[in-house]
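Asks: Quick one: sequence and predicted model below, then my questions.
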Amino acid sequence: MGRLKVLACQALSVAALLLAWEAAVRWRLLDPLFVPAPSSILRVLGVTGAEALPRLGETLVKTLLGYALAILAGVPAGLVLGSRPTAHAVAMPYVVALYGVPKILVLPWIALIFGIGLSTAVLSAAVFAVFPVVVLVAAGTRDVDAALVTVATSMGASRAQIIRKVILPAVLPSVLAAMRVAMVFALLGTLIAEMLAGNRGMGFQMQRTALAFRAPELFAATAIVSVVSISVVLFLEHLNTRLGRWR
Amino acid sequence: MTTGAPIVVESVSKRYETPSGPVPAVETVSLTVRPREFVSLLGPSGCGKSTLLAMIGGLVPPDAGRILIEGTPISGPTPSKVALVFQDPGLFPWRTALDNVGFGLELTGVGAARRREIALSLLEPMGLKGFESKYPRELSGGMRQRVAIARALALDTPILLMDEPFGALDEQTRLLMGEWLVEVRHRTQRTIVFVTHSLHEAIALSDRIAVMTARPGRIKDVVEVPLPYPRALDGPDAVALHAKLWAQIREESLRAMEGRR
Amino acid sequence: MRIWLWRLGLLLIALTLWEAVARMLNPILYVGPSRLPGALARVLATRDLPPLPGHVWLTVGEIAAAYVLAVAGGLWVGFLLGLRRTVGRIYEPLLATLYAVPSVVWYPSLMLFFGLGPASKIAFGFLLGFFPVTLAVLAGIRQVPATLVTVAVSMGARPWTVFRKVMLPAMASTMVGGLRTGLALSVVGVLVGELLGARAGLGYVINYAYGLMMTAEYAALVVLVAAAVLLLDGAGALIEARVKQWAG
């Protein structure tokens, strides 16, 4: 099946779903209080969108700050763990264990200390994002082809030259992959923090409209956040393809 | 272009520590390589020929004995005298062919323009003109190995060490690369030490063949190959030599196979 | 062996640092490890906090329901998309796009629809656990070596037999990995759901403790839940290793 045909099928499927949904609500098969009709969502999209913009901005700022923290802490940690086999063997089980623990469990405590606001959300984003970064970067560092290091050594490269000219370029794809994954986790952390203990941002907005039974507004907000998130991920993947011509 | 230099291997031994105790890889090997000579190290798998080559390249220190290059004992990689090529071309995937060839020069601080000049001059006679901006993943196995050899040649060292460089290639490519290596050798007049387990390759390429025993590796015999280039492997001299070598190698290969049980 | 010593050392150093820092700071906010056993005892004795057993069972039930649904749904969709090439080509990219959305955005809508009771938590746990299972089935199908299928077909095996005796065992390792991740995520989904808005369950109890500033009890509960989650995943890891050993 050609690419165009596939795209057409996808578009048709989505359209069919929306139509069926609209019909189901109009014929009272679905209660509009809980599941709003797509038409009603569209109607409030303009208003909700305008309202949402500043909130979206807040959420994104918190996400980016937490993301930056996670990268700044996680990439060096991953590099160190990946390049030293003993450190890796000793510390990695703890990292993986902490990664496996639902991080939301510590959010109430962070909120207790830092209050309801920016810091909690930023820290939450950082906590959620840092673990995949450490794990991915450590794995990438461990996987650097030993043959490449041997070649450089046989040509008389110093330790610094080996790190600069062999290890860092070899690790770059893993670091970029980690940075892509971390973005979604950071956004997740921010939203959860806003829902749990926040009074601003999209997460809070969504929680509030849900509890107020304002279904169209909630679904509109959900759609907006989803679209933004998908766009960010697509953009990062595009960057990744552009930068990785040699792979 | 520099001329070849002598390598003297004096009673060199190497052990490897394994969980089940030390395993001798190479035992009291002595060998002299004359300037501009092409010497092959021939032996069954696991006989220590790669270890010996790594020691000459300064990548692995011997436990006993020493290695002298141009009369000076070595204590580590000697990039001014020795360049290595391995079975895995080891090209940096993020660098183009041109930048790969220039890597060694980059390490010694040669300027970009000069590096480009030297790299192009090495890639062209290898039939890689037009491929200098390609990345390794865009090149075939034979091409990658040629780039790796060009990278080694760029250092302009008197000695070239090659560890089964054509082992990962298919038969036809291997034969063609062998012919091409003979031509490179005559053009550049370097000393070459070549590790292989293929009798054909050894006979086709070398001035002398050092036959190694199964582990622990010792030099069983050093055979002269007085055939003129280009070599016809079906001539009576070549066939006789092949038979003689095979008799020696066969014994060692059997021993190697049994030893691995 | 030395590595175990180092690991133990690292743990001890971390615990000591934690204790030292906690003592220096406000005891209402910072709880050192030494206070945890006492707090745990108080939690279990059901003083000041709702009785644990009922809530624990509820949460466990929610997780079980969510996981069963996630596995059933994931297997069904995974095989549908994986075995029918055209259907897969159309819908898998759509699925992958959804994966790019942080899962928690669906939760308010689920809360709106299902209310604050167990249903929304089960739904969310299902949603989270569904994706890894589906993706694992898809990946598993893809990595079945075509030669194996060819061999079976050439010996006269019919489609269902080929599926049962060739594809399933060849997929087993990848699928088990997905089932394990799916369990971990279903657990997270249920817990997140309970913490964000519930009237019962472990998450509710944790929120209760935190709401009353009973930090030590809260910390004890968190450690308990974390330990339980790790044990569960550890069991999953053992099963995965066993399957990998058998399936190759």
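Replies: That came through fine. Bear in mind that the values here come from a model prediction, so they are computed numbers and not experimental data.

Asks: Could the C-alpha coordinates of stretch B:158-177 be exported in PDB?
Replies: These are the backbone C-alpha positions of stretch B:158-177, laid out as PDB (Å, rounded to 0.1, in the frame of the first residue of the first chain):
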ATOM      1  CA  PRO B 158      58.200   2.600   8.000                       C
ATOM      2  CA  ILE B 159      56.300  -0.400   9.400                       C
ATOM      3  CA  LEU B 160      52.800  -1.600   8.700                       C
ATOM      4  CA  LEU B 161      51.200  -4.300  10.900                       C
ATOM      5  CA  MET B 162      48.100  -6.000   9.500                       C
ATOM      6  CA  ASP B 163      46.000  -8.500  11.500                       C
ATOM      7  CA  GLU B 164      43.900 -10.600   9.100                       C
ATOM      8  CA  PRO B 165      42.700  -7.400   7.400                       C
ATOM      9  CA  PHE B 166      40.800  -9.200   4.700                       C
ATOM     10  CA  GLY B 167      39.300 -11.900   6.900                       C
ATOM     11  CA  ALA B 168      35.800 -10.500   6.900                       C
ATOM     12  CA  LEU B 169      35.600 -10.100   3.200                       C
ATOM     13  CA  ASP B 170      34.300 -12.600   0.700                       C
ATOM     14  CA  GLU B 171      36.700 -14.700  -1.400                       C
ATOM     15  CA  GLN B 172      36.700 -12.700  -4.500                       C
ATOM     16  CA  THR B 173      37.200  -9.400  -2.800                       C
ATOM     17  CA  ARG B 174      39.900 -11.000  -0.700                       C
ATOM     18  CA  LEU B 175      41.900 -12.100  -3.700                       C
ATOM     19  CA  LEU B 176      41.500  -8.700  -5.300                       C
ATOM     20  CA  MET B 177      42.600  -6.900  -2.100                       C
END
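
Asks: So which bits of it are buried?
Replies: Going by neighbour count (16 or more other Cβ atoms under 10 Å in any protein chain shown), the buried part of stretch B:158-177 is B:158-167, B:169, B:173-175, B:177. C-beta here means a position set from N, CA and C on the backbone, and glycine is covered the same way.

Asks: Nearest to chain C among those residues?
Replies: For the buried residues of stretch B:158-177, the minimum distance to chain C (Cβ to the nearest Cβ) is 24.7 Å, reached by B:Leu169.

Asks: quick one: contacts for that closest one?
Replies: The contact partners of B:Leu169, by Cβ atoms under 8 Å, 6 or more residues apart in numbering or on different chains, come to B:141-142, B:145, B:177.

Asks: And chain B, split by domain according to the record?
Replies: B:1-81+B:158-261, B:84-156 (automatic domain parsing).

Asks: gap between the shortest one and the chain center?
Replies: In other words, domain B:84-156. Chain-centre distance of domain B:84-156: 17 Å, with Cα atoms, centre = their mean, to the nearest Å.

Asks: May I have the distance across that domain, first residue to last?
Replies: End-to-end distance for domain B:84-156, by Cα to Cα, to the nearest Å: 12 Å.

Asks: Pick out the residue closest to the middle of chain B.
Replies: Central residue of chain B (Cα atoms, centre = their mean): B:Met162, 1.5 Å from the mean position.

Asks: and that residue, bridged to which residues?
Replies: Applying DSSP bridges to B:Met162 gives these bridge partners: B:Val85, B:Phe194.

Asks: Can you verify my assumption that it contacts B:Val195?
Replies: Yes - using Cβ atoms under 8 Å, B:Met162 is in contact with B:Val195, at 6.7 Å.

Asks: okay, the domains of chain B in CSV with mean pLDDT and distance to A:Met155 next?
Replies: Formatted as CSV, those follow (pLDDT from 0 to 100; distance: least, Cβ to Cβ, whole Å):
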stretch, mean pLDDT, distance to A:Met155
domain B:1-81+B:158-261, 86, 5
domain B:84-156, 90, 4
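
Asks: Most proximal residue of chain A with respect to chain B?
Replies: Using Cβ to the nearest Cβ, the closest approach of chain A to chain B is made by A:Gly156 at 3.3 Å.

Asks: Find the residue closest to that residue in space, skipping its chain neighbours.
Replies: Spatial nearest neighbour of A:Gly156, chain neighbours left out: B:Pro79 (3.3 Å); criterion: Cβ to Cβ, 6 or more residues apart in numbering or on different chains.

Asks: just checking, that neighbour touches B:Ile159?
Replies: No - counting by Cβ under 8 Å, B:Pro79 does not reach B:Ile159; the two are 10.8 Å apart.

Asks: Next to chain B, which bits of chain A? Give me the list.
Replies: By Cβ under 8 Å from any Cβ of the partner chain, the residues of chain A that approach chain B are A:145, A:147-148, A:150-157, A:161, A:165-166, A:169-170, A:172, A:245-247.

Asks: now with 7 Å?
Replies: Within chain A, the positions near chain B by Cβ under 7 Å from any Cβ of the partner chain are A:147-148, A:150-151, A:153-157, A:161, A:169, A:246-247.

Asks: Show me just the buried residues among the residues you listed.
Replies: So, by 16+ other Cβ under 10 Å, the buried ones in these are A:148, A:150-151, A:153-157, A:161, A:169, A:246.

Asks: Point out the least confident one among the residues you listed.
Replies: Within the set of these, pLDDT is lowest for A:Trp246 (68).

Asks: any weak-confidence spans in chain C?
Replies: Scanning chain C with the threshold set as pLDDT under 70 gives C:47, C:248.

Asks: Contacts only, for the closest residue to chain B within it.
Replies: Residue of chain C nearest chain B, by Cβ to the nearest Cβ: C:Met1 (13.3 Å). Shown in contact with C:Met1 (Cβ atoms under 7 Å, 6 or more residues apart in numbering or on different chains): no residues.

Asks: what residues are up against C:Val77?
Replies: Shown in contact with C:Val77 (Cβ under 7 Å, 6+ apart): C:Thr134.

Asks: how about it, phi and psi?
Replies: Here is the backbone geometry of C:Val77 (degrees, to the nearest 10): phi -70, psi -40.

Asks: Kindly report the same for the one 3 residues further on.
Replies: Summarising the backbone geometry of C:Leu80 under the convention degrees, to the nearest 10, its torsions are phi -60, psi -50.
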